[in-house]
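**Student:** okay, here's the prediction I keep looking at, along with the sequence it came from:
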Amino acid sequence: MQNEINSLNPFTAPTSPNQTFMRLIYGTFAIADGDQKIRPWAAESWKLVERPGFDVTLRKGMTFHDGKAVTMEDVQFTFDYLKKWNFPFFAGAMAPIASIEIQRRRDPL
């Protein structure tokens with residue numbers, strides 16, 4: 001990459017080269033493999049539950065750089081933050097998302 005990177009904050013990065021570089025740093029729910037097939041990454045799985053809703057299961061063992069576990073509350077915070085501040089780079093992806101809700105599953109007895 002021959003463009004200058006002027007921010008590693010995904011919410012303030014003003015240019016497309018910044019966003020392209022940050023895709024190498026920040027995890028996403030899914031990635032495209034070498035055959036351009038979508039594979040789970042930070043999400044262990046997802047399924048359509050009720051149009052337009054999805055049930056997403058976060059992959060176990062995900063941590064931040066400081067070793068703290070990534071939680072669904074972290075995911076909810078990120079989506080809520082993006083919706084609240086309407087960052088131009090994320091606006092198109094966030095437009096169809098009305099809300100994020102965490103539902104705890106009960107472990108079978």
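**Tutor:** Noted; the coordinates are in hand.

**Student:** can you get me a residue count around Phe11?
**Tutor:** 12 (other CB atoms under 10 Å). All C-beta spots, glycine's among them, are computed from the backbone N, C-alpha and C.

**Student:** regarding it, what is its secondary structure?
**Tutor:** Classification of Phe11 using DSSP: H, G, I helix; E, B strand; the rest coil returns coil.

**Student:** okay, which residue is most central for the chain?
**Tutor:** Thr28 (4.4 Å; CA atoms, centre = their mean).

**Student:** got the phi and psi for that one?
**Tutor:** For Thr28, the backbone dihedrals (degrees, to the nearest 10) come out as phi -120, psi 160.

**Student:** pLDDT score for it?
**Tutor:** Reading off the confidence values, Thr28 has pLDDT 87.

**Student:** okay, now the unreliable bits of this structure?
**Tutor:** Residue ranges of the chain with pLDDT under 70: 1, 14, 106-109.
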